[in-house]
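Participant: Sequence first, predicted model second:
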Amino acid sequence: MQDDANAPSPDDVRAMLAGFDQRERKIIGGLVTVMMRDATRVREHEWIAEQLTQVTLLAGGFDTDGDAAATVADVGAFLRARSADLLAAAFALFQRVSQDLSSRADEGFTFEDAVSQALGYFAPAQND
């Protein structure tokens, strides 16, 4: 487990996510959800690449008029251009949520708790 000094701050995660468009935020949220569902596999490069591709296809937004070959080409081009940034954001969010929930490890938390915590980072910070 990472210590708090290595986890990105909540403000850093929010700022990072704010730099993405709606489709990219949808992809990051979907990928983090998949990562939470199967956390033991997040360090497997091939698995994470497959998950990123599947989530990207599901996120949609590729205007190819139903042409499957064009969709595959568009998704491929999109991922070549954006995968590094998308993965960095997904891992930062995953790490931040892990840190946030680490204090609840003894009492326990659900998958839904983790997803809810992650989704909270997509909203602007609330000023107290």
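Facilitator: Arrived safely, thanks for sending.
Participant: what's the biggest helix by length in the chain packed up against?
Facilitator: Longest among the helix segments of the chain by residue count, using DSSP state H, is helix 68-102. Judged by 3 or more Cβ pairs under 8 Å, 6 or more residues apart in numbering; DSSP states H and E, helix 68-102 is in contact with helix 10-18, helix 22-37, helix 45-59, helix 111-120. Placement of C-beta: from N, CA and C, glycine included.
Participant: Kindly calculate the angle that the longest one makes with helix 111-120.
Facilitator: With axes from the mean of the first three to the mean of the last three Cα atoms, to 10 degrees applied, the angle from helix 22-37 to helix 111-120 works out at 150 degrees.
Participant: Helix 22-37: how far from the chain's middle?
Facilitator: 4 Å (Cα atoms, centre = their mean, to the nearest Å).
Participant: ditto for the shortest one
Facilitator: A distance of 12 Å separates the centroid of the chain from that of helix 10-18, by Cα atoms, centre = their mean.
Participant: can you check the last one too?
Facilitator: Here the centre of helix 111-120 is set off from its chain's centre by 12 Å, with Cα atoms, centre = their mean.
Participant: That one to helix 10-18, inter-axis angle?
Facilitator: Per the same axes, to 10 degrees, the angle that helix 111-120 makes with helix 10-18 is 80 degrees.
Participant: This completes my enquiry, with thanks.
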